[in-house]
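K.L.:
Any chance you can model this:
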Amino acid sequence: MATTDDGTRTTFLSEVKSAVTPHASLLVLGVLGLMIAFITSYTGAFHHPRPTDVPLGVVAPGPAARQVVAQLDRLPGSPLDPRALRSERLARQRLADRTVDGALIVAPRGTTDRLLVASGGGASLSQAVELVVRAAEKAKGRTVRTVDVTPAAPGDSRSLSSFYLVVGWCVGGYLCAAILAISAGARPSNGHRAVIRLAALALYAIVAGLAGAIVVGPVLGALPGTFAGLWGLGALVVFAVGATTLACQALLGIIGIGLAILLVVILGNPSAGGAYPYPLLPPFWRAIGPALPPGAGTWAARSLAYFDGAAVTGPLLVLVAWAVGGTLLTLLLSVFLKKDRPRGRPPEDERLPA
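P.N.:
Below you'll find the model as predicted:
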């Protein structure tokens, strides 16, 4: 038994109920669920990376090309997806436009071939391709010399700077949106306030995109490529994630923050192709990665930094879809919630505290 300031006796159970409300208990259980999902997602994605159907060009003299393609295609576990190419020039072009992740150039004479890779698109993927091809060549009594035609910049260790840059933008996006929403209530009270919050998010996204591009470019020299392109990409990533977070909060209130974390952090980050590009990930993460903001942003950032913006249309459309979808849902849900609110009941963010 305990005694309150006014002399009322309370039991231990009532003290517990007072300290930890049912609402707080549900939120704690939700946090526990997110933690378990976080561990499961990251461990599931990263615990056993292995190459699967990695696109590989093969340039060989005459009919030898088909033979080499067939041999590589029959490797156990299907680590490669080989296809014959007419010339080394075409192979380099396919590497530059990110159609293939490696190219084996079979020497017409001798036993030493060349493997062209582009580590700017992911050092772990280039190394995995090299290991597979080297083992296959050794089994045929041949050797291979690796040539990195698009190496990562000296300040971009293992081509991870683009991934960390996009992760930072994503974190900034959902934290900014969460602060805008919960600073005056968990849900937008009306359409006007939702428009103002989206406008504030857009201004923040422009500044955040600029800040990220400055840090990885002029300050650290971590990423080459177009400064303006990275700035624009950063603004789009931040706004897409922020608008999605606002939409989740408009739908579910404070629980929407958890949903945004689930989409962006728990599912998005391990499937983004950062530490392990898509061909090294298990099927589930490889399938969802390109459709989520971290994956689309990471692919686009690497393309802008190392491949002159090749193959960015798809990822940019993904980010635009998240940005537009989040904006429309935020506005529609705000108007709907306003109309659905019982007459005479003040908006949640305008009520006086008890």
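
K.L.:
quick one: stretch 211-231 to chain centroid distance?
P.N.:
Put simply, stretch 211-231 sits 18 Å off its chain's centre (CA atoms, centre = their mean, to the nearest Å).

K.L.:
Need the residues that contact that stretch.
P.N.:
153-156, 161-162, 165, 168-169, 209-210, 234, 301, 304-306, 308-309 (CB atoms under 8 Å, 6 or more residues apart in numbering). Using the backbone N, CA and C atoms, a C-beta is placed for each residue, glycine as well.

K.L.:
out of these, which are inside helices?
P.N.:
161-162, 165, 168-169, 209-210, 234, 301, 304-306 (DSSP state H).

K.L.:
Compile these into TSV and extend it with columns for pLDDT.
P.N.:
TSV is the format used below for the ones in helices among the contacts of stretch 211-231 (pLDDT from 0 to 100):
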residue	pLDDT
161	96
162	97
165	97
168	97
169	98
209	98
210	98
234	98
301	98
304	97
305	97
306	97
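
K.L.:
from those, which single one is nearest residue 39?
P.N.:
Nearest to residue 39, judged by CB to CB, of the ones in helices among the contacts of stretch 211-231 is residue 168 at 22.1 Å.

K.L.:
Skipping its backbone neighbours, what lies nearest the closest one in space?
P.N.:
Among residues not flanking residue 168 along the chain, residue 212 sits closest, at 6.1 Å (CB to CB, 6 or more residues apart in numbering).

K.L.:
What of residue 323?
P.N.:
Nearest one to residue 323, counting by CB to CB, 6+ apart, is residue 240 at 4.0 Å.

K.L.:
next one: residue 331
P.N.:
residue 194 is the one closest to residue 331 (CB to CB, 6+ apart), at 5.5 Å.

K.L.:
my guess is the one you found meets residue 243, correct?
P.N.:
No. Contact criterion CB atoms under 8 Å: residue 194 and residue 243 do not qualify, at 10.4 Å.

K.L.:
which residues in the stretch 251-354 of the chain form helices?
P.N.:
Assigned by DSSP state H, counting those that start in this stretch, the helices in the stretch 251-354 of the chain fall at 255-261, 283-288, 293-306, 313-340.

K.L.:
about what we covered before: distance to residue 105 and neighbour count added to the ones in helices among the contacts of stretch 211-231, as CSV?
P.N.:
Output for the ones in helices among the contacts of stretch 211-231, formatted as CSV (distance: CB to CB, whole Å; neighbours: other CB atoms under 10 Å):
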residue, distance to residue 105, neighbour count
161, 29, 23
162, 28, 32
165, 33, 26
168, 38, 18
169, 38, 29
209, 40, 22
210, 42, 17
234, 37, 29
301, 29, 30
304, 28, 23
305, 25, 28
306, 21, 25
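
K.L.:
now the helix or strand harbouring the residue nearest to residue 323, how far from the centre of its chain.
P.N.:
Assessed by DSSP states H and E, residue 240 sits inside helix 227-252. Remark: helix 227-252 is offset 12 Å from the chain centroid, using CA atoms, centre = their mean.

K.L.:
what angle do it and helix 293-306 make?
P.N.:
180 degrees (axes from the mean of the first three to the mean of the last three CA atoms, to 10 degrees).

K.L.:
ok, back up a step: ranking the helices of the stretch 251-354 of the chain by burial, who's on top?
P.N.:
helix 293-306 (a mean of 28; mean count of other CB atoms under 10 Å).

K.L.:
and that helix, what other elements does it pack with?
P.N.:
If you count contacts as 3 or more CB pairs under 8 Å, 6 or more residues apart in numbering; DSSP states H and E, helix 293-306 packs onto helix 161-182, helix 227-252, helix 313-340.

K.L.:
Surely residue 113 is in contact with residue 145?
P.N.:
Yes. Between residue 113 and residue 145 there is a contact under CB under 8 Å: 7.4 Å.

K.L.:
Those two: which has the busier surroundings?
P.N.:
Using other CB atoms under 10 Å, the more surrounded residue of residue 113 and residue 145 is residue 113, with 20 against 11.

K.L.:
Relative to residue 137, how far out is that one?
P.N.:
Distance of residue 113 to residue 137, computed by CB to CB, to the nearest Å: 6 Å.

K.L.:
got any residues that touch both of the two?
P.N.:
Taking CB under 8 Å, 6+ apart as the contact rule, residue 113 and residue 137 both touch 143-144.

K.L.:
Off-centre distance for the helix or strand that contains residue 26?
P.N.:
Element membership of residue 26 [criterion: DSSP H and E] is helix 22-46. Here the centre of helix 22-46 is set off from its chain's centre by 19 Å, with CA atoms, centre = their mean.

K.L.:
on that earlier part again, shared neighbours, residue 194 and residue 243?
P.N.:
Common neighbours of residue 194 and residue 243, using CB under 8 Å, 6+ apart, are residue 330.

K.L.:
now the stretch 251-354 of the chain, which segments are flagged as low pLDDT?
P.N.:
Across the stretch 251-354 of the chain, residues meeting the criterion (pLDDT under 70) sit at 338-354.

K.L.:
swap the cut-off to 80 and go again
P.N.:
The model of the stretch 251-354 of the chain has pLDDT under 80 over residues 337-354.
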